[in-house]
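>>> Show me how the following folds:
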Amino acid sequence: MPTYFCTTLEGRLTAEQKRQIAGEITRVHCEVIGAPGFFAQVIFQEVRPGDYFIGGRHLSTTSSSSTAISEADAPPWTSRE
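I've put the predicted structure just below:
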């Protein structure tokens with residue numbers, strides 16, 4: 001059974017946002033694999049704000065849009081364009 005893990009900071013996502021994300025992951029999984037949706041598991045793991053690092057740099061939680069990593073340093077798949 002395929003399992004998709006989504007890691008986020010504690011309290012960052014609402015239950016409704018998690019439901020929507022899980023639904024979209026399941027939808028895409030079904031489209032690509034062709035299997036029924038009940039085969040896809042989506043698990044959200046929440047980490048405390050002081051325990052989240054990207055590229056060795058702490059992810060700041062001072063606001064929802066600020067991070068300790070500039071957009072130029074972010075991986076290409078995180079682009080907001």
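>>> For the rest of this, base every contact and every neighbour count on C-alpha atoms.
Noted.
>>> Please, which helix or strand holds F44?
Here F44, judged by DSSP states H and E, is contained in strand 41-47.
>>> Give me the buried stretch members for that strand, please.
42, 46 (16 or more other CA atoms under 10 Å).
>>> neighbouring strands for that strand, and are they parallel or not?
Here strand 41-47 has these sheet partners by DSSP bridges: strand 3-9 (parallel).
>>> pLDDT (mean, whole number) over the helix or strand following the strand it pairs with?
Using DSSP H and E, the next helix or strand after strand 3-9 towards the C-terminus is helix 15-33. Mean pLDDT, computed over helix 15-33, is 96.
>>> what angle do helix 15-33 and strand 3-9 make?
150 degrees (axes from the mean of the first three to the mean of the last three CA atoms, to 10 degrees).
>>> List the contacts of the residue nearest to the spatial centre of the chain.
By CA atoms, centre = their mean, the mean C-alpha position of the chain lies nearest to C6, the distance being 4.4 Å. C6 sits next to 42-45 when contact means CA atoms under 8 Å, 6 or more residues apart in numbering.
>>> is it possible to export those to TSV including pLDDT and distance to G56?
Output for these, formatted as TSV (pLDDT from 0 to 100; distance: CA to CA, whole Å):
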residue	pLDDT	distance to G56
V42	97	26
I43	97	24
F44	97	22
Q45	95	20
